[in-house]
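*Asks:* Kindly return the folded structure for what I paste below:
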Amino acid sequence: MSAPRRPLPAWAEIVALPLINIALAFVTVGIIVRVIGVDPFHALRLLVLGAIGSSEAIGYTLYYTTNFIFTGLAVAVAFHAGLFNIGGEGQAYIGGLGCGLAILAFDRFLPAWLLIPVAIVAAALFGAAWAAVPAWLQAWHGSHIVITTIMFNFIAAALMTYLLVDVLIRPGQSSPESREFALHLWLPTAREEEGEIERRARDRE
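*Replies:* Numbering: from 1, shown residues only. Down below sits the predicted model:
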């Protein structure tokens with residue numbers, strides 16, 4: 001019988017392992033990029049410029065990573081409880097739905113400082129309610145949590161499609177989107193002239 005594995009030191013688990021994983025990922029992707037005939041360092045340069053090379057790029061990076069960070073945290077909570085929550089995607093869909101419904105319902109009546117916390121709470125409640133269904137199925141009926149949470153991802157996607165196409169769609173348009181939020185709830189934007197990222201990439205070559 002083998003001895004139980006000793007836990008790694010905190011510095012190794014928090015710093016060393018993530019850095020090693022990132023380095024291995026870059027090496028692996030670099031080999032693949034080189035095989036298909038592209039300079040991996042040029043690709044890396046474009047990757048960095050596209051992520052943090054301009055104010056607009058930083059804005060898009062924050063925009064996309066925010067969803068991933070909070071969805072990952074939701075999965076991490078379940079993992080620490082010994083459960084595999086594979087339904088983070090669907091729960092993020094429904095959380096976004098709760099946020100959007102709260103804003104659409106009250107943006108004409110409430111100021112931003114009051115409506116933003118309301119929208120955050122609505123998102124949390126909607127996402128938690130969506131996760132509670134497979135949790136209840138497992139606790140009371142023994143359903144497999146991985147299977148049910150994966151299935152709920154597809155149900156959430158279908159529900160969002162239905163709501164945006166048939167219920168929340170702005171009248172007089174074909175694009176599946178709701179009406180715009182009130183102007184006082186818009187987030188500030190960071191824009192640069194068109195082609196700025198590409199111009200910077202050419203200047204660095």
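
*Asks:* got a pLDDT number for Gly142?
*Replies:* Looking at Gly142, its pLDDT reads 86.

*Asks:* May I see the domains of this protein written out as residue ranges?
*Replies:* 14-53, 70-185 (automatic domain parsing).

*Asks:* okay, these, which one's buried deepest?
*Replies:* domain 70-185 (a mean of 16; mean count of other C-beta atoms under 10 Å). Placement of C-beta: from N, CA and C, glycine included.

*Asks:* Reformat the domains of the chain as JSON lines; add distance to Tyr63.
*Replies:* Formatted as JSON lines, these follow (distance: least, C-beta to C-beta, whole Å):
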{"stretch": "domain 14-53", "distance to Tyr63": "12"}
{"stretch": "domain 70-185", "distance to Tyr63": "13"}
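
*Asks:* So which helix or strand of the protein has the lowest pLDDT on average?
*Replies:* helix 196-204 (a mean of 51; mean pLDDT, DSSP states H and E).

*Asks:* Quick one: list the elements packing against the longest helix along the chain.
*Replies:* Longest helix in the chain by number of residues (criterion: DSSP state H): helix 112-141. Applying 3 or more C-beta pairs under 8 Å, 6 or more residues apart in numbering; DSSP states H and E, one finds that helix 112-141 contacts helix 88-106, helix 145-162.

*Asks:* These: which one's closest to Arg179?
*Replies:* helix 88-106 (7.2 Å; C-beta to C-beta).

*Asks:* List of residues touching the closest one?
*Replies:* 67, 70-72, 74-75, 85, 115, 118-120, 122-131, 149, 152-157, 159-160, 163, 168, 178-179, 181, 185 (C-beta atoms under 8 Å, 6 or more residues apart in numbering).

*Asks:* So, low pLDDT: which residues of the chain?
*Replies:* Scanning the chain with the threshold set as pLDDT under 70 gives 1-5, 189-205.

*Asks:* How far off centre is stretch 54-68?
*Replies:* The chain centre lies 11 Å from the centre of stretch 54-68; the measure is C-alpha atoms, centre = their mean, to the nearest Å.
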